[in-house]
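A.B. asks: heads up, no residue letters with this:
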């Protein structure tokens, strides 16, 4: 195994010494105006479906120096080597332990299945590295909390890739909420459906719900106090976990979140529905804020209220307002944010490890409710 790894690393890194991505302008010019001393040296663990997006962003970012790409599938690494030109200094290897030992390495991005997160993040933090981890942080509350404590002890930053918190629509929506444009908040609802991809390590709840829960919590500046979940399993009934997935991996899940204020939100999740939707709404007494990711105008504010007139409730002041958004890729924002946190050893004010641990706690409670047939669970 060791000889295979070394042969692969040598053959891949020696293909040529041309950079994989050419910046719009030479990196040297960008660095002349950058007051920071040097790019952050990063290793990427995992180049699957989401990891490839991280690969693209890290290679193109002037504040990042990618030192290693790790994936257990050697053929995937060979495929990357055939498709692109790489710098000789870049290590391609299936062995994550070797990558973490690289001299000068400062940070890692963990884009691997959730079940592997705990061991990889712990090893990186113990090496004194800053870590950005794909959501969810782990599959266990105790493990998530332990990693947060370890990051604090090591004085290193643990940031979680809750990408939607960096989406221009979500950030603009937060400003709308702070302005009180909706009046008295009444309820929320969200739908996240598509025909795949179907995960084999977690169910639709753990794969999909975390996005909408994170947005609701961010917009409301609160976390739910009670949760409920009901679901259906069609495709993977034999995949069972003693704690989380007692009935198999749910393909359809209905989630209900209740906040201390009495506000409630319902979320519809399914990865076996060809009607692709990515829509989240907050309803108030004066209007509704709608984030429809697939729409030409993703964020809209619908004004309108009901006024009692002659023993009837009459709709008044109805109009639609399209909210302009910055044209920036959310993952690029995550990348810049993490590199800034790592460079200055500064805690994330958007998506720290503690927020990731809180979301794992909520998902765990939802799984408990799901296993109990939809019984309410206090958080």
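C.D. replies: Looks like it came in fine. All of these numbers come straight from a predicted model, not from anything done at the bench.
A.B. asks: Please list all residues in contact with the closest residue to residue 99 other than its chain neighbours.
C.D. replies: Excluding the flanking residues, the one nearest residue 99 by C-beta to C-beta, 6 or more residues apart in numbering is residue 68, at 3.9 Å. C-beta here means a position set from N, CA and C on the backbone, and glycine is covered the same way. Counting by C-beta atoms under 8 Å, 6 or more residues apart in numbering, residue 68 makes contact with 43, 44, 90, 91, 92, 93, 99, 102, 105.
A.B. asks: Ignoring the adjacent residues along the chain, who's closest to the fourth one?
C.D. replies: In space, not counting the residues next to it along the chain, residue 91 is nearest to residue 68; the distance is 4.1 Å by C-beta to C-beta, 6+ apart.
A.B. asks: longest strand anywhere in this protein?
C.D. replies: Longest strand in the chain by number of residues (criterion: DSSP state E): strand 272-284.
A.B. asks: which one's the longest helix in the protein?
C.D. replies: helix 353-371 (DSSP state H).
A.B. asks: tell me the angle the strand or helix carrying residue 267 makes with strand 272-284.
C.D. replies: Using DSSP states H and E, residue 267 sits within strand 264-270. With axes from the mean of the first three to the mean of the last three C-alpha atoms, to 10 degrees defining the directions, strand 264-270 sits at 170 degrees from strand 272-284.
A.B. asks: Pairing partners for strand 264-270, with directions?
C.D. replies: strand 185-195 (parallel), strand 252-258 (antiparallel) (DSSP bridges).
A.B. asks: average pLDDT for the shortest one?
C.D. replies: Averaging pLDDT along strand 252-258 yields 98.
A.B. asks: Same question for stretch 74-85.
C.D. replies: Here the average pLDDT along stretch 74-85 is 83.
A.B. asks: Report the distance from it to the chain centre.
C.D. replies: 26 Å (C-alpha atoms, centre = their mean, to the nearest Å).
A.B. asks: Could you do stretch 318-334 as well?
C.D. replies: The answer for stretch 318-334 is 18 Å, by C-alpha atoms, centre = their mean.
A.B. asks: Now that stretch: buried residues?
C.D. replies: 323, 325, 330, 331, 333, 334 (16 or more other C-beta atoms under 10 Å).
A.B. asks: Among the residues you listed, which lie within helices?
C.D. replies: Per DSSP H, the subset of the buried residues of stretch 318-334 in helices is 330, 331, 333, 334.
A.B. asks: Would you mind putting the residues you listed into a markdown table with pLDDT and distance to residue 197 alongside?
C.D. replies: Output for those, formatted as a markdown table (pLDDT from 0 to 100; distance: C-beta to C-beta, whole Å):
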| residue | pLDDT | distance to residue 197 |
| --- | --- | --- |
| 330 | 97 | 19 |
| 331 | 97 | 17 |
| 333 | 97 | 24 |
| 334 | 98 | 20 |
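A.B. asks: of these, closest to residue 307?
C.D. replies: residue 330 (38.9 Å; C-beta to C-beta).
A.B. asks: before we move on, back to that, ok, residues contacting the strand holding residue 267?
C.D. replies: 187-194, 204-205, 208-209, 212-213, 216, 224, 251-259.
A.B. asks: ChimeraX command to pick out the buried ones of these?
C.D. replies: Selection of buried members from the contacts of strand 264-270 for ChimeraX, criterion 16+ other C-beta under 10 Å:
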select :188,189,190,191,192,193,194,204,205,208,209,212,213,216,224,251,252,253,254,255,256,257,258,259
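A.B. asks: Residue 39 reaches residue 66, doesn't it?
C.D. replies: No - the pair residue 39 / residue 66 is not scored as a contact, 9.2 Å apart, by C-beta atoms under 8 Å.
A.B. asks: Please say which of these two ends up with more neighbours.
C.D. replies: Taking other C-beta atoms under 10 Å, residue 39 and residue 66 do not tie; residue 66 has more neighbours (26 against 19).
A.B. asks: how far does the longest strand of the chain sit from the chain's center?
C.D. replies: Its chain's C-alpha centre and that of strand 272-284 lie 18 Å apart, by C-alpha atoms, centre = their mean.
A.B. asks: What strands flank the next helix or strand after that strand, and is each parallel or antiparallel?
C.D. replies: Next along the chain after strand 272-284, taking DSSP H and E as the criterion, comes strand 287-292. Applying DSSP bridges, strand 287-292 is found paired with strand 272-284 (antiparallel), strand 299-309 (antiparallel).
A.B. asks: before we move on, the earlier item: buried subset of the contacts of residue 68?
C.D. replies: 43, 44, 90, 91, 92, 93, 99, 105.
A.B. asks: Check pLDDT for the residues you listed and point me to the minimum.
C.D. replies: Lowest in pLDDT among the buried ones among the contacts of residue 68 is residue 90, which has 89.
A.B. asks: correct me, but that residue touches residue 69?
C.D. replies: Yes - between residue 90 and residue 69 there is a contact under C-beta under 8 Å: 7.0 Å.
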